[in-house]
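Peer 1: sequence and predicted structure below; questions after.
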Amino acid sequence: MTSSSRLAAAIAAQFTDRARWSLLEVLFWLVALSTIWLLPDQHLILAEIVIWALFALSLDLILGYAGIISLGHAAFFGIGAYTAGLLAKHALVGEPVLALLLAGLAGAVFGFLTSFLVLRGTDLTRLMVTLGIALLVRELANRFGWLTGGADGLQGIDMQPVLGLFRFDLYGHTAYIYSLAVLFVLFLLARRIVGSPFGLALLAIKGNPLRASAIGIGADRRLIGIYTLAAAYAGIAGGLLTQTTAFTSLESLSFDRSADGLLVLIIGGTGHLYGGLIGAVVFRFAQDWIATATPQYWQFWIGLFLVLIVLVGRDRIGGWFTPLRRLADRVGAWRPGKTRPTVLPGQGGAP
Amino acid sequence: MNPASVPPALETRSLEKRFGGIVASNQVSMSIARGARHALIGPNGAGKTTLINLLTGVLKPSSGEILLDGQDITTLEPHRRVRLGMARTFQINQLFADLTPVETLGLAISERLGTGTHWWRVPGSRPEVVAEIAALLERFRLTEVMNERTAVLPYGKQRLLEIALAFACQPRVLLLDEPAAGVPDAERHEILAAVAGLPADVTVLLIEHDMDIVFTFADRISVLVNGQVFVEGTPDEVARDPRVKAVYLGESLDA
């Protein structure tokens, strides 16, 4: 082998290593899958966690990979939630998977239309613009009570079986398996996209917009693209919540939901896709534990936790997992003939 | 082909930039011939960086025109100028801290080949991209650090990556903003070799404080003072010009 072909192979290897599944990732999904059998009496809460995870994953796409901060992501979540609800209530589209795709489409369309408002500006402008849009949408939903049910919420939703086969049950079994399957498929898609040339260019725009434009990368179309995709994800998350609970209300469009979504993501760490997933588990169980221990002071502990997170690291409780990742790396690298350590997608941001 | 009919690689006509009451670029008219090694010098605050920012589109001029190969690019966005064949380096490193040199160069190459918006492939799946990254790594002596994050590279290697990244855009006009700034003497020769080794058909506009580099490298020099082109000529002419000595060379050499 000549030296130049060796070099070419090493370059190709760097790209493929980055795309390869690490042991820790495989384990993560195996554990998630195993909960279907291991925690059958927790499926209701697990379904809720999965929906938070998907919502936070959607936020990670724009915040972790494109640097767009939003306090109004619930707008897309709620639009998806009402789309799925109205489609089911008026029997327009009975089959949940198809209805879920339409909920995602509704989120995407609204995301595309509003993406032009977040292309430029500082974090503060983006926070205010996204917050304002979400407040607007919520107020419109309140105003058009004849369609949305207003403050009473959208009632009388009758869900059809998933794919015409699996009925939603009282214990949340179908709800959880269905939600987990949706999360997994969308996670695979997101993982593929952030690892592509498109995703790499997003990281470049986030990391150094001045240089990105100086090597010919136009930011606008890419930011519109990822914002639209994230809005579709949020719409699907909202649709899932409606379908699995046969109900939706103005809460799905509320400021609290936007803020909690951001909180979930920041607990898990931005920019490595798993942040939202890990954050959702921590968030939901912490909520339960703390609420049981000190019912009145749940907000106090969450507030304290938030302050600590922000003080501890740039954006990472996720960084707490770094030693674990290194260990998994070392185990993963223990294959004969393999000399170079693999690079995990999440390690890019670690100092 | 009659040389007179060929437009200059880069030309400015009465270019002016005002910030409030301050005139940072004052009626700058320059013409840079194809394949030239043109240096832009001047004391601090003379408006060199403002001029580069105007040329590359980071700043919008208050008035005047910029032409690349005879085409008016005055109002084009920065990334469109890159696609038309103009690239730059930065005086202070502007790199992607979390990416490796391989990924960084891959970005520029994919963008140029029009595959930068592909959202399904792995970046290195195209052999022509990989081959080009390999050639650039070797040319700019970056192979040994190709797997490191840019943030942890030695400063000299980061400066080389600055130039390699601009070169990856395959520019016809390359603007080098103090390429050797801050590089320790031991690593300096690598930068100078990289600059001297640029292909002859690439037009280079070099901004530099270091007179050794300017006089070895440039075949033409413009001296900028207070935002205006003060003197322009061959290195010999500029070196002999008493006014230049007065305002610039003397001051700089004494410092």
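Peer 2: Looks like it came in fine. Residues are numbered from 1 along each chain as shown, chains lettered A, B, ... in the order given.
Peer 1: can you read off the backbone torsions of residue 205?
Peer 2: Picking chain A for this. phi -60, psi -40 (degrees, to the nearest 10).
Peer 1: if you could check chain B rather than the one you did, that'd help
Peer 2: phi -110, psi 120.
Peer 1: look up how far A:Leu33 lies from it.
Peer 2: The gap separating B:Leu205 from A:Leu33 is 59 Å, by C-beta to C-beta, to the nearest Å. The C-beta positions use only the backbone N, C-alpha and C, and glycine is treated the same way.
Peer 1: can you pull out the strands in the stretch 151-300 of chain A?
Peer 2: Ranges of strands in the stretch 151-300 of chain A, per DSSP state E, counting those that start in this stretch: none exist.
Peer 1: near chain B, which residues of it are found?
Peer 2: Residues of the stretch 151-300 of chain A lying close to chain B by C-beta under 8 Å from any C-beta of the partner chain are A:192-193, A:195-201, A:203-204, A:207-208, A:210-219, A:221-222, A:225.
Peer 1: who has more neighbours, B:Leu205 and A:Leu33?
Peer 2: Between B:Leu205 and A:Leu33, counting by other C-beta atoms under 10 Å in any protein chain shown, B:Leu205 is the more crowded of the two (26 against 13).
Peer 1: what is the burial count for B:Phe230?
Peer 2: 19.
Peer 1: ignore the last one, A:His73
Peer 2: Applying other C-beta under 10 Å, we find 31 residues neighbouring A:His73.
Peer 1: you'd agree it is up against A:Ala56?
Peer 2: No - counting by C-beta atoms under 8 Å, A:His73 does not reach A:Ala56; the two are 9.3 Å apart.
Peer 1: overlap of the contact sets of these two?
Peer 2: Jointly contacting A:His73 and A:Ala56 under the rule C-beta atoms under 8 Å, 6 or more residues apart in numbering or on different chains are A:Gly261.
Peer 1: quick check: the residue of the stretch 101-250 of chain B nearest chain A.
Peer 2: B:Gly124 (3.0 Å; C-beta to the nearest C-beta).
Peer 1: where does pLDDT dip in the chain?
Peer 2: Went with chain A since none was named. A:1, A:313-351 (pLDDT under 70).
Peer 1: actually, chain B is the one I wanted.
Peer 2: Applying pLDDT under 70 to chain B flags residues B:1-4, B:248-255.
Peer 1: just the strands in it please.
Peer 2: Using DSSP state E, the strands found in chain B span residues B:10-19, B:22-32, B:37-41, B:63-68, B:71-72, B:86-88, B:173-177, B:203-207, B:220-225, B:228-233.
Peer 1: export those to a markdown table and tack on distance to A:Val26?
Peer 2: Below are those laid out as a markdown table (distance: least, C-beta to C-beta, whole Å):
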| stretch | distance to A:Val26 |
| --- | --- |
| strand B:10-19 | 54 |
| strand B:22-32 | 56 |
| strand B:37-41 | 55 |
| strand B:63-68 | 51 |
| strand B:71-72 | 53 |
| strand B:86-88 | 42 |
| strand B:173-177 | 46 |
| strand B:203-207 | 51 |
| strand B:220-225 | 60 |
| strand B:228-233 | 63 |
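Peer 1: reformat those strands as JSON lines; add distance to chain A.
Peer 2: Listed next are the strands of chain B as JSON lines, based on distance: least, C-beta to the nearest C-beta, whole Å:
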{"stretch": "strand B:10-19", "distance to chain A": "16"}
{"stretch": "strand B:22-32", "distance to chain A": "18"}
{"stretch": "strand B:37-41", "distance to chain A": "18"}
{"stretch": "strand B:63-68", "distance to chain A": "14"}
{"stretch": "strand B:71-72", "distance to chain A": "16"}
{"stretch": "strand B:86-88", "distance to chain A": "6"}
{"stretch": "strand B:173-177", "distance to chain A": "10"}
{"stretch": "strand B:203-207", "distance to chain A": "15"}
{"stretch": "strand B:220-225", "distance to chain A": "22"}
{"stretch": "strand B:228-233", "distance to chain A": "25"}
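Peer 1: deepest-packed of those, please.
Peer 2: Most buried of those, by mean neighbour count (mean count of other C-beta atoms under 10 Å in any protein chain shown): strand B:86-88, with a mean of 28.
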